[in-house]
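Engineer: got a structure for you, letters missing:
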Ligand code: CP
């Protein structure tokens, strides 16, 4: 599938002052509900621009800016991606990949104190915390923008959802999409963040596909109902796979699935590929376990490696929004 999409809709001409006000109000990025449709369109327009910036090797525009990445959980994509984004913008990076060990928190220092200290050294702090609510705690005491890079099981991962949505947006209009979100949804922070974003678009329908004990939590379902978004809870992939435009797979740990067919029941493989729409989009935030067979990788509908690449553009664009006003 080509990376440029001739059917890509032009960004609507939202009023610049409204956008500017929204950007000014965007102090921290903690949850995806913070993003309005105009703000998303602005972000995506900037992300398109960043594709061109990266193609020419980057810019030095942010050479006086420093990003600190404070990760309490392992990460391949998010941490390296944010750090690469800052370097491509010309900025510099302070980093610890295992903050619980390689920081004074090993001697009992609290997250809040770590943030207060780092805010003296960096212009923006990217935090992946062990517990839901960790990023918000950081934001409460931070003098510089905090970006939530994933907080706990069942928290959020808003920048993952932004790049997920950008990947879909690059391929087709977002209104009227039918999306299957599949996996361990009760603890799925990427699934939760994406559901909030999809809810902002007209005529979207979401199928949450998971074993009943791992289904999406009531807070998200209540939000969708409140916003008039259609959704269904489903436990069998086969019942939805033929009709959806987007197959959004998330990790499913075999040890959390109790039925006899196990996690494989929620996996996409060559057999399931044959049942999907010919123009379906297959996304996965990665890393994968058994739910995404490697035989899928060569299928033109598989977008997950491009999705990871898009993260660079979206995170560069997001950093410019947060840094331009400081
Ligand atoms: N998608 C994602 O958050 O991946 P990492 O855990 O590697 O950052």
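Structural biologist: Here it is on my side, so go on. For clarity, every value in this text was computed on a predicted model and none was experimentally measured. Numbering: from 1, shown residues only.

Engineer: Could I get the contacting residues of whatever residue of the stretch 151-300 of the chain ends up closest to the ligand?
Structural biologist: Of all residues in the stretch 151-300 of the chain, residue 285 sits closest to the ligand, at 3.8 Å by Cβ to the nearest ligand atom. Using the backbone N, CA and C atoms, a C-beta is placed for each residue, glycine as well. The neighbours of residue 285, taking Cβ atoms under 8 Å, 6 or more residues apart in numbering as the test, are 77, 157, 160, 164, 190, 250, 304, 307.

Engineer: go on, residue 246?
Structural biologist: 168, 177-180, 280-281, 283.

Engineer: now the residue of the stretch 151-300 of the chain closest to the ligand: how far from residue 86?
Structural biologist: 21 Å (Cβ to Cβ, to the nearest Å).

Engineer: which stretches of the stretch 1-150 of the chain form helices?
Structural biologist: 16-25, 37-55, 77-88, 111-118, 134-141 (DSSP state H, counting those that start in this stretch).

Engineer: before we move on, what about the stretch 201-326 of the chain?
Structural biologist: 218-226, 270-273, 304-323.

Engineer: what residue ranges in the protein score low on pLDDT?
Structural biologist: 1-14, 102-108, 258-261, 326 (pLDDT under 70).

Engineer: how about the residues of it near the ligand?
Structural biologist: Remark: the part of the chain in contact with the ligand comprises 75-78, 150, 157, 160, 285-287, using Cβ under 6 Å from any ligand atom.

Engineer: show me what contacts the nearest residue to residue 290 once chain neighbours are set aside?
Structural biologist: Excluding the flanking residues, the one nearest residue 290 by Cβ to Cβ, 6 or more residues apart in numbering is residue 263, at 5.0 Å. Neighbour list for residue 263: 252-254, 257, 289-291 [criterion: Cβ under 8 Å, 6+ apart].

Engineer: Among those, which one has the most neighbours?
Structural biologist: residue 252 (27 neighbours; other Cβ atoms under 10 Å).

Engineer: I'd assumed residue 181 was in contact with that residue.
Structural biologist: No: look at residue 252 against residue 181 with Cβ atoms under 8 Å: they stay out of range, at 12.0 Å.

Engineer: quick check: domain ranges of this structure?
Structural biologist: 13-156+310-323, 172-302 (automatic domain parsing).

Engineer: Buried ones among the residues of the chain next to the ligand?
Structural biologist: Buried members of those, scored by 16 or more other Cβ atoms under 10 Å, are 75, 77-78, 150, 157, 160, 285-286.

Engineer: taking those one by one, which sit in strands?
Structural biologist: residue 150 (DSSP state E).

Engineer: so what's residue 323 closest to, chain neighbours aside?
Structural biologist: Per Cβ to Cβ, 6+ apart, closest to residue 323 is residue 65, 5.4 Å.

Engineer: ok, now which ones touch the one you found?
Structural biologist: Counting by Cβ under 8 Å, 6+ apart, residue 65 has contacts 86, 89-92, 123-124, 323.

Engineer: So of these, which two are at opposite extremes in space?
Structural biologist: 90 and 124 (13.9 Å; Cβ to Cβ).

Engineer: Distance check, the residue most central in space within the chain against residue 148.
Structural biologist: Centroid check for the chain by Cα atoms, centre = their mean gives residue 160 as the closest residue, at 1.2 Å. Separation of residue 160 from residue 148 (Cβ to Cβ) stands at 10 Å.

Engineer: Then residue 157?
Structural biologist: Distance from residue 157 to residue 148, by Cβ to Cβ: 7 Å.

Engineer: again, but for residue 268
Structural biologist: From residue 268 to residue 148 the distance is 28 Å (Cβ to Cβ).

Engineer: So which of these two has more stuff around it?
Structural biologist: Legend: neighbour count by other Cβ under 10 Å for residue 268 and residue 148, higher for residue 148 (28 against 24).

Engineer: Show the contacting residues for the closest residue to residue 46 other than its chain neighbours.
Structural biologist: Of all residues not flanking residue 46 in the chain, residue 317 sits nearest, at 3.6 Å (Cβ to Cβ, 6+ apart). Contact analysis of residue 317 by Cβ under 8 Å, 6+ apart lists 43-44, 46-47, 49-50.
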